Every structure is written in C-alpha cells, then in structure tokens.
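K.L.:
Give me coordinates for this.
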Amino acid sequence: MITILVVYSDRTLKKSEIAKAKKYAFNTDAPLKVGDMIKSNSYNNAMQVVRLLDKCFKFYNGTTGKLSNEFDSTNQWEIRELIIREENDDVIYGQIIKD
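P.N.:
Numbering: from 1, shown residues only. Purely as a prediction, here's the structure:
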C-alpha cells in the first residue's frame with residue numbers, strides 16, 4: 001500500500017494549477033500513475049492523481065498538510081483507503097448495517 005495525493009477537478013489540471021490546488025491524501029493498492037483521473041460516488045468531483053509517495057502514511061494534518069505515522073496533533077485525521085473497482089450495472093452492491 002502507498003499514499004497518493006490527489007486534487008479534485010473534473011478536468012486534467014496543468015502543473016501551475018496543481019501547485020495552487022489543495023491536495024488530499026489516500027492510501028491505495030491500486031496500480032495508479034500520476035495524471036490518472038478517478039471518479040467516486042462519495043465525492044462530487046473527480047480526482048486527479050498528482051503524486052505517488054514511496055511509502056504509506058497513516059495520518060494527515062489538515063492545518064499543516066504534514067503526513068505522519070504518529071498521532072501528535074488534534075488536527076490530524078486518519079488517511080482513508082481508496083479501492084479502485086469497476087462498477088457493474090448487473091451487480092447490486094450492498095453492505096451490512098450494524099445496529
């Protein structure tokens with residue numbers, strides 16, 4: 001698993017636009033490359049992969065942007081896992097709801 005950085009955009013951004021955009025982190029095992037566009041039902045906009053890191057981090061600090069494996073601030077959040085799969089209209093996806 002590695003950590004990737006993405007920006008939200010419905011089109012491929014230029015490097016100068018990426019530099020100004022806020023980046024978000026996800027952990028994934030998917031064979032992604034920089035420039036890939038990802039869509040998810042969880043988000044309104046598509047995501048453009050802008051960086052692949054050579055290791056996996058556990059936490060993201062929303063204030064400083066720092067990635068870490070140690071929890072050392074109340075501004076940190078766990079990085080969510082991104083799983084790439086093909087949606088199939090002939091399949092119904094569901095999950096068990098716990099009481």
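
K.L.:
which stretches of this protein have low pLDDT?
P.N.:
99 (pLDDT under 70).

K.L.:
Let me see the ranges of the helices in it.
P.N.:
Ranges of helices in the chain, per DSSP state H, are 15-20.

K.L.:
Relative to residue 9, how far out is the residue most central in space within it?
P.N.:
The residue lying closest to the centre of the chain (C-alpha atoms, centre = their mean) is residue 26, at 3.3 Å. Residue 26 sits 15 Å away from residue 9, going by C-beta to C-beta, to the nearest Å. Any C-beta I mention is one placed from the backbone N, CA and C, and that applies to glycine too.

K.L.:
With residue 22 instead?
P.N.:
Residue 22 is 11 Å from residue 9, by C-beta to C-beta.

K.L.:
Over to residue 94?
P.N.:
From residue 94 over to residue 9 (counting by C-beta to C-beta), the distance is 30 Å.

K.L.:
The two - which one has more neighbours?
P.N.:
residue 9 (16 against 6; other C-beta atoms under 10 Å).

K.L.:
beta partners for the spatially closest residue to the more buried one that is not a sequence neighbour?
P.N.:
Ranked by C-beta to C-beta, 6 or more residues apart in numbering and with sequence neighbours excluded, the top spatial neighbour of residue 9 is residue 48, at 5.4 Å. With DSSP bridges as the criterion, residue 48 is bridged to residue 7, residue 37.
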